[in-house]
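A.B. asks: Below are the sequence and a predicted model for it; my questions follow.
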Amino acid sequence: VGVCDFIEDTHYSKDQCYADLAYLLNDELLCQKRKNKDNRNQCYYYLYLYHDRFDINDCRNITDSYFRDSCFLEFAVARKDYNICIYLHDADQKESCTARIAEQKGSAVPCKQLKNPYWMDYCFQGVAVMTGTIAPCADIKNAQSSAENPFTLHGCISAVAKQSNDPGICYQISETQDMY
């Protein structure tokens with residue numbers, strides 16, 4: 001571990017050395033050796049996220065709000081637990097949390113409670129693909145794909161067909177034309 005103290009290379013810093021060793025050795029104390037607070041938070045986040053000892057209390061120990069919210073988000077998704085989403089302060093990450101868990105569970109009900117059109121449509125398409133049914137696609141109100149929201153009814157149906165390896169599902173696209 002003391003090897004990091006001897007690094008003077010401008011392309012590979014002591015800070016990065018400590019982070020790499022922290023991940024490799026699963027040692028949170030090495031994250032504390034990083035000089036920059038943001039780098040320490042990032043180190044904790046990746047250490048907690050990518051090791052089996054991941055615990056919700058680890059997320060509480062991260063002082064940076066972005067990495068703390070990201071930690072809670074990934075913890076909630078890993079546990080498929082909507083209740084953990086309430087710890088998120090960022091509204092967008094909170095919606096992402098709900099949408100990703102709904103997708104995993106194959107339930108469109110939580111999708112309807114989302115306020116952000118992007119996450120709502122993401123959720124409906126994710127549930128449709130996960131369950132292999134186009135029914136959730138009908139709840140996508142976005143008629144035109146855009147940078148802000150790429151999800152559409154027809155795109156959702158196509159995604160289900162692709163995931164199901166069933167091109168016959170695509171024939172239902174013409175039947176949904178009247179929905180707009």
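C.D. replies: On my side now, so go ahead. Fair warning: this is a prediction, and the values are worked out from it, not measured in the lab.
A.B. asks: So which residues of this protein form helices?
C.D. replies: 14-25, 28-32, 37-49, 56-60, 65-79, 91-105, 117-131, 153-164, 172-175 (DSSP state H).
A.B. asks: Could you tell me the angle between the third one and helix 14-25?
C.D. replies: If you take axes from the mean of the first three to the mean of the last three CA atoms, to 10 degrees, helix 37-49 sits at 10 degrees to helix 14-25.
A.B. asks: how distant is helix 37-49 from the center of its chain?
C.D. replies: Distance of helix 37-49 from the chain centroid (CA atoms, centre = their mean, to the nearest Å) equals 17 Å.
A.B. asks: in the protein, which ranges drop under the pLDDT threshold?
C.D. replies: Low-confidence segments of the chain, defined by pLDDT under 70: 1, 9-11, 52-54, 174-180.
A.B. asks: What are the buried residues along stretch 124-134?
C.D. replies: Buried residues in stretch 124-134, counted by 16 or more other CB atoms under 10 Å: 124, 125, 126, 127, 128, 129, 130, 131, 134. Using the backbone N, CA and C atoms, a C-beta is placed for each residue, glycine as well.
A.B. asks: got the contact list for that stretch?
C.D. replies: 99-100, 102-104, 106-108, 111, 135-137, 139-140, 151, 155-157, 159-160, 163-164, 169, 172 (CB atoms under 8 Å, 6 or more residues apart in numbering).
A.B. asks: All good on my end, thank you.
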